[in-house]
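Asks: Next comes the sequence, and after it the predicted model I'd like to discuss.
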Amino acid sequence: MSQRIDNFSAGPAVLPEQVLVQATRDIINFRNTGMGVMEISHRAAEFMAMVKETEANLRTLMGIPDNYRVLFLQGGASSQFFMIPMNLLGAGKKASYLNTGTWAKKAIKEARLFGEIEVPYSSEEGGYKRVPGSDEYQVAADSEYLYYVSNNTIYGTQFHEVPTTERLLVCDMSSDILSRPVDISRFGIIFAGAQKNLGPAGVTVVIIREDLLARTPDATPTILRYKTHADQGSLFNTPPCFAIYVVGEVLKWLLDQGGVAAIHQQNREKAALLYQVIDGSDYYRGHAEVGSRSLMNIPFNLPTPELERKFLAEAAAAGLAGLKGHRSIGGCRASIYNAFPYAGVVRLTQFMASFAADNPVA
Ligand SMILES: *Cc1c(COP(=O)(O)O)cnc(C)c1O
(Lines give C-alpha, C1' and ligand atoms only; values in the text may rest on other atoms or scores of the structure.)
Protein backbone atom coordinates (compact mmCIF):
# COMPACT_ATOMS: atom_id res chain seq x y z
CA MET A 1 0.00 0.00 0.00
CA SER A 2 3.02 2.28 -0.35
CA GLN A 3 1.26 4.28 -3.08
CA ARG A 4 -1.01 5.86 -0.46
CA ILE A 5 -0.15 9.47 0.41
CA ASP A 6 -0.93 11.81 3.30
CA ASN A 7 -4.54 12.88 2.75
CA PHE A 8 -5.49 16.03 4.69
CA SER A 9 -8.96 16.31 3.06
CA ALA A 10 -11.74 17.83 5.15
CA GLY A 11 -14.33 15.31 3.95
CA PRO A 12 -14.64 12.81 2.47
CA ALA A 13 -11.50 12.10 4.39
CA VAL A 14 -8.89 9.43 4.98
CA LEU A 15 -10.11 6.07 6.33
CA PRO A 16 -8.01 3.56 8.29
CA GLU A 17 -6.12 1.31 5.90
CA GLN A 18 -7.20 -1.77 7.86
CA VAL A 19 -10.83 -0.84 7.13
CA LEU A 20 -10.21 -0.46 3.41
CA VAL A 21 -8.41 -3.78 3.20
CA GLN A 22 -11.29 -5.56 4.95
CA ALA A 23 -13.80 -3.78 2.69
CA THR A 24 -12.08 -5.05 -0.46
CA ARG A 25 -12.75 -8.59 0.81
CA ASP A 26 -16.33 -7.94 1.86
CA ILE A 27 -17.19 -6.24 -1.44
CA ILE A 28 -16.61 -9.65 -3.05
CA ASN A 29 -17.90 -12.01 -0.36
CA PHE A 30 -19.64 -10.71 2.77
CA ARG A 31 -19.58 -13.05 5.78
CA ASN A 32 -19.33 -16.17 3.60
CA THR A 33 -22.66 -15.49 1.92
CA GLY A 34 -21.07 -15.70 -1.53
CA MET A 35 -22.42 -12.18 -2.15
CA GLY A 36 -20.78 -8.82 -1.74
CA VAL A 37 -21.92 -6.37 0.91
CA MET A 38 -23.28 -4.04 -1.82
CA GLU A 39 -25.28 -6.88 -3.37
CA ILE A 40 -26.93 -8.57 -0.41
CA SER A 41 -30.51 -7.77 0.68
CA HIS A 42 -30.82 -5.29 3.51
CA ARG A 43 -33.29 -7.79 5.04
CA ALA A 44 -30.78 -10.67 4.97
CA ALA A 45 -29.91 -11.96 8.44
CA GLU A 46 -26.19 -11.30 7.90
CA PHE A 47 -26.83 -7.69 6.91
CA MET A 48 -29.28 -6.98 9.73
CA ALA A 49 -26.83 -8.50 12.21
CA MET A 50 -24.14 -6.16 10.91
CA VAL A 51 -26.39 -3.10 11.44
CA LYS A 52 -27.12 -4.27 15.00
CA GLU A 53 -23.42 -4.80 15.73
CA THR A 54 -22.59 -1.37 14.31
CA GLU A 55 -25.17 0.27 16.57
CA ALA A 56 -23.95 -1.74 19.58
CA ASN A 57 -20.34 -0.70 18.97
CA LEU A 58 -21.34 2.95 18.62
CA ARG A 59 -23.25 2.67 21.91
CA THR A 60 -20.21 1.16 23.61
CA LEU A 61 -17.76 3.71 22.21
CA MET A 62 -19.90 6.76 22.98
CA GLY A 63 -21.58 5.46 26.14
CA ILE A 64 -25.04 6.05 24.68
CA PRO A 65 -27.72 5.57 27.38
CA ASP A 66 -30.65 3.18 26.81
CA ASN A 67 -33.18 5.99 26.45
CA TYR A 68 -31.49 7.20 23.26
CA ARG A 69 -32.09 5.79 19.78
CA VAL A 70 -29.43 5.50 17.09
CA LEU A 71 -30.52 6.08 13.49
CA PHE A 72 -28.65 5.62 10.21
CA LEU A 73 -30.20 8.07 7.74
CA GLN A 74 -29.58 9.43 4.25
CA GLY A 75 -29.53 12.97 2.91
CA GLY A 76 -26.25 14.01 4.52
CA ALA A 77 -25.79 16.16 7.58
CA SER A 78 -27.44 18.98 5.62
CA SER A 79 -30.81 17.19 5.67
CA GLN A 80 -30.74 17.39 9.45
CA PHE A 81 -30.77 21.18 9.07
CA PHE A 82 -34.47 20.90 8.12
CA MET A 83 -35.35 17.57 9.74
CA ILE A 84 -34.59 18.82 13.25
CA PRO A 85 -36.85 21.90 13.16
CA MET A 86 -39.44 19.97 11.12
CA ASN A 87 -39.69 17.40 13.93
CA LEU A 88 -39.23 19.69 16.95
CA LEU A 89 -40.83 22.99 15.98
CA GLY A 90 -44.10 24.10 14.40
CA ALA A 91 -46.40 27.11 14.48
CA GLY A 92 -45.56 29.51 17.30
CA LYS A 93 -42.50 27.59 18.46
CA LYS A 94 -39.07 29.05 18.93
CA ALA A 95 -35.46 27.77 18.90
CA SER A 96 -32.02 29.33 19.47
CA TYR A 97 -28.94 28.83 17.31
CA LEU A 98 -25.30 29.77 17.89
CA ASN A 99 -23.89 31.12 14.63
CA THR A 100 -20.27 29.98 14.68
CA GLY A 101 -19.69 29.23 11.01
CA THR A 102 -21.01 28.32 7.60
CA TRP A 103 -22.69 25.09 8.73
CA ALA A 104 -24.47 26.83 11.59
CA LYS A 105 -25.64 29.58 9.27
CA LYS A 106 -27.04 27.09 6.78
CA ALA A 107 -28.89 25.32 9.60
CA ILE A 108 -30.36 28.67 10.74
CA LYS A 109 -31.65 29.39 7.24
CA GLU A 110 -33.50 26.06 7.07
CA ALA A 111 -34.84 26.26 10.62
CA ARG A 112 -36.50 29.60 9.82
CA LEU A 113 -38.87 27.66 7.55
CA PHE A 114 -40.31 25.91 10.62
CA GLY A 115 -40.36 28.38 13.48
CA GLU A 116 -39.04 31.54 15.05
CA ILE A 117 -35.25 31.35 15.26
CA GLU A 118 -33.17 33.45 17.61
CA VAL A 119 -29.42 33.81 17.26
CA PRO A 120 -28.13 34.83 20.71
CA TYR A 121 -24.49 34.61 19.60
CA SER A 122 -22.67 35.12 16.31
CA SER A 123 -18.96 35.28 15.52
CA GLU A 124 -19.64 36.03 11.85
CA GLU A 125 -18.47 39.66 11.92
CA GLY A 126 -15.10 38.69 13.31
CA GLY A 127 -14.59 36.08 10.61
CA TYR A 128 -15.74 33.12 12.71
CA LYS A 129 -12.46 32.96 14.61
CA ARG A 130 -13.96 31.84 17.91
CA VAL A 131 -16.74 30.04 19.72
CA PRO A 132 -18.46 31.48 22.81
CA GLY A 133 -18.37 30.44 26.43
CA SER A 134 -21.76 29.72 27.98
CA ASP A 135 -21.69 33.11 29.75
CA GLU A 136 -21.53 35.06 26.49
CA TYR A 137 -25.14 34.62 25.40
CA GLN A 138 -28.65 34.16 26.80
CA VAL A 139 -31.08 31.57 25.54
CA ALA A 140 -34.76 32.54 25.62
CA ALA A 141 -36.70 30.54 28.21
CA ASP A 142 -39.37 29.65 25.64
CA SER A 143 -36.84 28.18 23.16
CA GLU A 144 -37.54 24.53 22.37
CA TYR A 145 -33.85 23.87 21.95
CA LEU A 146 -30.36 25.35 21.68
CA TYR A 147 -28.51 24.31 18.53
CA TYR A 148 -24.75 24.48 18.03
CA VAL A 149 -21.98 23.03 15.87
CA SER A 150 -19.34 21.42 18.10
CA ASN A 151 -16.53 21.70 15.56
CA ASN A 152 -16.53 24.30 12.81
CA THR A 153 -14.86 22.38 10.00
CA ILE A 154 -14.13 25.38 7.77
CA TYR A 155 -12.87 27.86 10.37
CA GLY A 156 -11.07 25.40 12.63
CA THR A 157 -12.85 26.33 15.85
CA GLN A 158 -14.23 23.86 18.38
CA PHE A 159 -16.26 24.07 21.56
CA HIS A 160 -14.11 22.73 24.38
CA GLU A 161 -17.07 22.71 26.77
CA VAL A 162 -20.63 21.57 26.13
CA PRO A 163 -22.82 24.70 26.45
CA THR A 164 -24.50 24.97 29.84
CA THR A 165 -28.23 25.40 29.33
CA GLU A 166 -31.60 24.45 30.76
CA ARG A 167 -32.90 23.99 27.23
CA LEU A 168 -32.75 20.88 25.11
CA LEU A 169 -29.35 20.72 23.42
CA VAL A 170 -29.03 19.82 19.71
CA CYS A 171 -25.58 19.40 18.22
CA ASP A 172 -24.05 19.00 14.78
CA MET A 173 -21.00 16.80 15.52
CA SER A 174 -20.23 16.01 11.89
CA SER A 175 -16.54 16.81 12.11
CA ASP A 176 -15.66 15.75 15.66
CA ILE A 177 -17.92 12.88 16.65
CA LEU A 178 -15.92 10.13 18.36
CA SER A 179 -12.84 12.35 18.56
CA ARG A 180 -13.22 12.90 22.32
CA PRO A 181 -15.43 11.69 25.17
CA VAL A 182 -18.88 13.32 25.33
CA ASP A 183 -21.63 12.99 27.94
CA ILE A 184 -24.56 12.02 25.71
CA SER A 185 -27.11 12.56 28.48
CA ARG A 186 -26.64 16.31 28.13
CA PHE A 187 -28.07 16.23 24.60
CA GLY A 188 -31.46 15.86 22.97
CA ILE A 189 -30.13 15.18 19.49
CA ILE A 190 -26.61 14.65 18.16
CA PHE A 191 -26.06 14.12 14.46
CA ALA A 192 -23.08 13.63 12.16
CA GLY A 193 -22.54 13.07 8.46
CA ALA A 194 -20.19 10.09 8.29
CA GLN A 195 -17.63 11.34 5.79
CA LYS A 196 -15.37 13.18 8.23
CA ASN A 197 -14.79 11.04 11.29
CA LEU A 198 -17.05 8.00 10.90
CA GLY A 199 -16.79 6.47 7.46
CA PRO A 200 -17.73 7.26 3.86
CA ALA A 201 -20.28 9.77 2.55
CA GLY A 202 -23.85 8.55 2.28
CA VAL A 203 -24.93 7.88 5.84
CA THR A 204 -25.77 10.30 8.64
CA VAL A 205 -25.86 9.09 12.22
CA VAL A 206 -28.55 10.57 14.47
CA ILE A 207 -28.59 9.95 18.22
CA ILE A 208 -31.93 11.07 19.62
CA ARG A 209 -33.49 10.95 23.08
CA GLU A 210 -36.48 8.64 22.93
CA ASP A 211 -39.11 11.05 24.30
CA LEU A 212 -38.47 13.46 21.42
CA LEU A 213 -39.82 10.94 18.90
CA ALA A 214 -43.37 11.84 19.97
CA ARG A 215 -43.01 15.57 19.30
CA THR A 216 -43.26 15.50 15.51
CA PRO A 217 -46.22 17.48 14.08
CA ASP A 218 -48.87 15.31 12.37
CA ALA A 219 -48.41 16.80 8.92
CA THR A 220 -44.81 15.55 8.63
CA PRO A 221 -44.07 13.08 5.77
CA THR A 222 -43.46 9.52 6.99
CA ILE A 223 -39.85 9.23 5.87
CA LEU A 224 -38.92 12.56 7.47
CA ARG A 225 -40.16 11.57 10.93
CA TYR A 226 -37.48 10.32 13.32
CA LYS A 227 -39.99 7.88 14.82
CA THR A 228 -40.38 6.06 11.50
CA HIS A 229 -36.69 5.16 11.44
CA ALA A 230 -36.52 4.46 15.16
CA ASP A 231 -39.47 2.03 14.96
CA GLN A 232 -37.92 0.19 12.01
CA GLY A 233 -34.34 -0.03 13.28
CA SER A 234 -33.20 2.24 10.41
CA LEU A 235 -34.62 -0.29 7.92
CA PHE A 236 -37.84 1.53 7.00
CA ASN A 237 -36.66 1.66 3.41
CA THR A 238 -33.39 0.57 1.80
CA PRO A 239 -30.69 2.17 3.94
CA PRO A 240 -27.27 3.31 2.66
CA CYS A 241 -26.04 -0.28 3.01
CA PHE A 242 -22.41 0.04 2.03
CA ALA A 243 -21.85 3.26 3.98
CA ILE A 244 -23.30 1.71 7.16
CA TYR A 245 -21.07 -1.33 6.66
CA VAL A 246 -17.94 0.86 6.42
CA VAL A 247 -18.96 2.82 9.52
CA GLY A 248 -19.18 -0.56 11.27
CA GLU A 249 -15.61 -1.38 10.25
CA VAL A 250 -14.38 2.06 11.37
CA LEU A 251 -15.98 1.49 14.78
CA LYS A 252 -14.21 -1.89 15.10
CA TRP A 253 -10.95 -0.15 14.23
CA LEU A 254 -11.64 2.50 16.87
CA LEU A 255 -12.28 -0.18 19.49
CA ASP A 256 -8.90 -1.72 18.50
CA GLN A 257 -7.29 1.69 19.07
CA GLY A 258 -8.52 1.62 22.66
CA GLY A 259 -11.71 3.63 22.18
CA VAL A 260 -12.57 7.30 22.34
CA ALA A 261 -10.37 8.32 25.29
CA ALA A 262 -7.33 6.77 23.60
CA ILE A 263 -8.04 8.39 20.24
CA HIS A 264 -8.63 11.72 21.99
CA GLN A 265 -5.12 11.54 23.41
CA GLN A 266 -3.74 10.81 19.92
CA ASN A 267 -5.77 13.70 18.49
CA ARG A 268 -4.34 16.06 21.10
CA GLU A 269 -0.81 15.00 20.30
CA LYS A 270 -1.31 15.39 16.55
CA ALA A 271 -2.87 18.85 16.85
CA ALA A 272 -0.25 20.01 19.38
CA LEU A 273 2.51 19.18 16.92
CA LEU A 274 0.95 21.34 14.22
CA TYR A 275 0.03 24.22 16.53
CA GLN A 276 3.59 24.25 17.84
CA VAL A 277 4.86 25.00 14.34
CA ILE A 278 2.23 27.68 13.81
CA ASP A 279 2.82 29.31 17.21
CA GLY A 280 6.59 29.11 16.85
CA SER A 281 6.74 31.05 13.58
CA ASP A 282 5.73 34.44 12.21
CA TYR A 283 5.48 32.76 8.83
CA TYR A 284 2.41 30.62 9.49
CA ARG A 285 -0.68 32.19 11.08
CA GLY A 286 -3.60 30.16 12.43
CA HIS A 287 -7.13 31.36 11.62
CA ALA A 288 -8.77 30.56 14.95
CA GLU A 289 -8.26 32.27 18.30
CA VAL A 290 -6.09 30.12 20.56
CA GLY A 291 -8.83 29.33 23.09
CA SER A 292 -11.23 28.13 20.38
CA ARG A 293 -8.83 26.05 18.29
CA SER A 294 -9.93 22.74 16.84
CA LEU A 295 -8.14 19.43 17.23
CA MET A 296 -9.61 18.27 13.91
CA ASN A 297 -9.29 21.05 11.33
CA ILE A 298 -6.40 23.49 11.36
CA PRO A 299 -6.70 26.36 8.87
CA PHE A 300 -3.63 28.56 8.47
CA ASN A 301 -2.19 31.23 6.23
CA LEU A 302 1.24 32.03 4.80
CA PRO A 303 2.58 35.58 4.41
CA THR A 304 1.09 36.02 0.91
CA PRO A 305 -1.43 34.29 -1.41
CA GLU A 306 1.43 33.64 -3.86
CA LEU A 307 3.36 31.76 -1.20
CA GLU A 308 0.20 29.82 -0.32
CA ARG A 309 -0.18 28.67 -3.93
CA LYS A 310 3.46 27.62 -4.07
CA PHE A 311 3.13 25.87 -0.71
CA LEU A 312 0.09 23.87 -1.85
CA ALA A 313 1.73 22.87 -5.13
CA GLU A 314 4.98 21.76 -3.53
CA ALA A 315 3.16 19.99 -0.70
CA ALA A 316 1.08 18.04 -3.21
CA ALA A 317 4.22 17.11 -5.12
CA ALA A 318 5.70 15.87 -1.84
CA GLY A 319 2.71 13.60 -1.19
CA LEU A 320 0.82 15.95 1.17
CA ALA A 321 -2.62 16.26 -0.41
CA GLY A 322 -5.87 18.05 0.40
CA LEU A 323 -4.30 21.05 2.15
CA LYS A 324 -6.19 23.75 0.25
CA GLY A 325 -8.43 25.82 2.53
CA HIS A 326 -12.20 25.94 2.03
CA ARG A 327 -13.17 28.25 -0.81
CA SER A 328 -14.89 30.63 1.61
CA ILE A 329 -11.70 31.54 3.54
CA GLY A 330 -8.86 30.43 1.26
CA GLY A 331 -5.39 29.73 2.61
CA CYS A 332 -4.50 26.25 3.81
CA ARG A 333 -6.21 23.74 6.07
CA ALA A 334 -4.98 20.49 7.52
CA SER A 335 -7.78 18.14 8.54
CA ILE A 336 -6.45 15.53 10.94
CA TYR A 337 -9.40 13.38 11.95
CA ASN A 338 -9.16 10.17 13.99
CA ALA A 339 -7.91 8.09 11.06
CA PHE A 340 -5.16 10.52 10.07
CA PRO A 341 -1.82 9.06 11.26
CA TYR A 342 0.61 10.87 13.57
CA ALA A 343 3.45 10.18 11.15
CA GLY A 344 1.63 12.20 8.50
CA VAL A 345 1.46 15.21 10.81
CA VAL A 346 5.18 14.87 11.44
CA ARG A 347 5.80 14.90 7.67
CA LEU A 348 3.65 18.03 7.29
CA THR A 349 5.45 19.91 10.07
CA GLN A 350 8.82 19.00 8.56
CA PHE A 351 7.63 20.20 5.18
CA MET A 352 6.35 23.46 6.71
CA ALA A 353 9.68 24.14 8.38
CA SER A 354 11.71 23.56 5.24
CA PHE A 355 9.28 25.53 3.07
CA ALA A 356 9.53 28.54 5.37
CA ALA A 357 13.32 28.33 5.35
CA ASP A 358 13.49 28.03 1.53
CA ASN A 359 10.96 30.78 0.82
CA PRO A 360 11.71 33.76 3.05
CA VAL A 361 9.48 36.82 2.75
CA ALA A 362 11.10 39.29 0.35
C1 LIG B 1 -19.49 18.66 6.26
C2 LIG B 1 -20.38 19.22 7.27
C3 LIG B 1 -21.77 19.31 7.06
C4 LIG B 1 -22.43 18.95 5.75
O5 LIG B 1 -22.42 17.58 5.55
P6 LIG B 1 -23.17 16.94 4.29
O7 LIG B 1 -23.17 15.48 4.67
O8 LIG B 1 -22.34 17.24 3.08
O9 LIG B 1 -24.52 17.50 4.20
C10 LIG B 1 -22.55 19.79 8.10
N11 LIG B 1 -22.01 20.18 9.26
C12 LIG B 1 -20.68 20.11 9.50
C13 LIG B 1 -20.13 20.55 10.82
C14 LIG B 1 -19.83 19.63 8.51
O15 LIG B 1 -18.50 19.57 8.74
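Replies: Cool, got the structure. Numbers count the residues shown, from 1 in each chain.

Asks: could you point out which element follows the helix ranked longest in the chain?
Replies: Assignment by DSSP state H gives helix 260-279 as the longest helix of the chain. Moving toward the C-terminus from helix 260-279, the next helix or strand (DSSP states H and E) is strand 285-286.

Asks: Check which helices and strands that following strand sits against.
Replies: helix 260-279, strand 297-301 (3 or more Cβ pairs under 8 Å, 6 or more residues apart in numbering; DSSP states H and E). Yep, even glycine has a C-beta here, placed from its N, CA and C like the rest.

Asks: Quick one: mean pLDDT for it?
Replies: Here strand 285-286 scores 96 as its mean pLDDT.

Asks: That one pairs with which strands?
Replies: Here strand 285-286 has these sheet partners by DSSP bridges: strand 297-301 (antiparallel).

Asks: Would you mark the buried spots in the strand it pairs with?
Replies: Neighbour-count burial for strand 297-301, counted by 16 or more other Cβ atoms under 10 Å, picks out 297, 298, 299, 300, 301.

Asks: now stretch 175-192
Replies: So stretch 175-192, judged by 16+ other Cβ under 10 Å, has buried residues 175-180, 182, 184, 187-192.

Asks: What of stretch 9-23?
Replies: For stretch 9-23, the neighbour count (16+ other Cβ under 10 Å) marks 9, 10, 11, 12, 13, 14, 15, 16, 19, 22, 23 as buried.

Asks: among the helices and strands packed on strand 285-286, which is nearest residue 153?
Replies: strand 297-301 (5.2 Å; Cβ to Cβ).

Asks: Go ahead and name everything in contact with the closest one.
Replies: With Cβ atoms under 8 Å, 6 or more residues apart in numbering as the test, strand 297-301 has contacts from 10, 151-156, 175, 271, 274-275, 278, 284-288, 308, 325-326, 329-336.

Asks: how does it look with 6 Å?
Replies: 153, 156, 274, 278, 284-287, 325, 331-335 (Cβ atoms under 6 Å, 6 or more residues apart in numbering).

Asks: Which of these are buried? Put it as a PyMOL command.
Replies: To isolate the buried subset of these in PyMOL, counting by 16+ other Cβ under 10 Å, use the following:
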select buried, resi 153+156+274+278+284+286+287+325+331+332+333+334+335
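
Asks: Report pLDDT for the residue in the stretch 251-362 of the chain that the ligand sits nearest to.
Replies: Relative to the ligand, the nearest point of the stretch 251-362 of the chain is residue 297 (8.3 Å; Cβ to the nearest ligand atom). The model reports residue 297 with a pLDDT of 98.

Asks: Likewise for residue 27?
Replies: Per-residue pLDDT puts residue 27 at 98.

Asks: what's the closest non-adjacent residue to residue 264?
Replies: residue 180 (4.2 Å; Cβ to Cβ, 6 or more residues apart in numbering).

Asks: what's the spacing between that neighbour and the ligand?
Replies: 15 Å (Cβ to the nearest ligand atom, to the nearest Å).

Asks: next one: residue 175
Replies: Distance from residue 175 to the ligand, by Cβ to the nearest ligand atom: 4 Å.

Asks: is it fair to say that residue lies in a strand?
Replies: No: assigned with DSSP: H, G, I helix; E, B strand; the rest coil, residue 175 falls outside any strand and is coil.

Asks: Please name the residues that touch it.
Replies: So, once contact is read as Cβ under 6 Å, 6+ apart, residue 175 ends up touching 151, 153, 196, 296.

Asks: so how many other residues sit close to the last one?
Replies: Okay, so that is residue 296. By the criterion of other Cβ atoms under 10 Å, residue 296 has 27 neighbours.

Asks: So which bits of this protein are right by the ligand?
Replies: Contact residues (Cβ under 6 Å from any ligand atom) of the chain with the ligand: 11, 76, 77, 78, 103, 149, 153, 172, 174, 175, 193, 196.

Asks: Export these as a markdown table, with columns for distance to residue 228 and secondary structure.
Replies: As requested, the residues of the chain next to the ligand are arranged in a markdown table below (distance: Cβ to Cβ, whole Å; DSSP: H, G, I helix; E, B strand; the rest coil):
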| residue | distance to residue 228 | secondary structure |
| --- | --- | --- |
| 11 | 27 | coil |
| 76 | 18 | helix |
| 77 | 19 | helix |
| 78 | 19 | helix |
| 103 | 25 | helix |
| 149 | 26 | strand |
| 153 | 29 | coil |
| 172 | 21 | strand |
| 174 | 22 | coil |
| 175 | 27 | coil |
| 193 | 20 | strand |
| 196 | 26 | coil |
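
Asks: Thanks again, I'm all set now.
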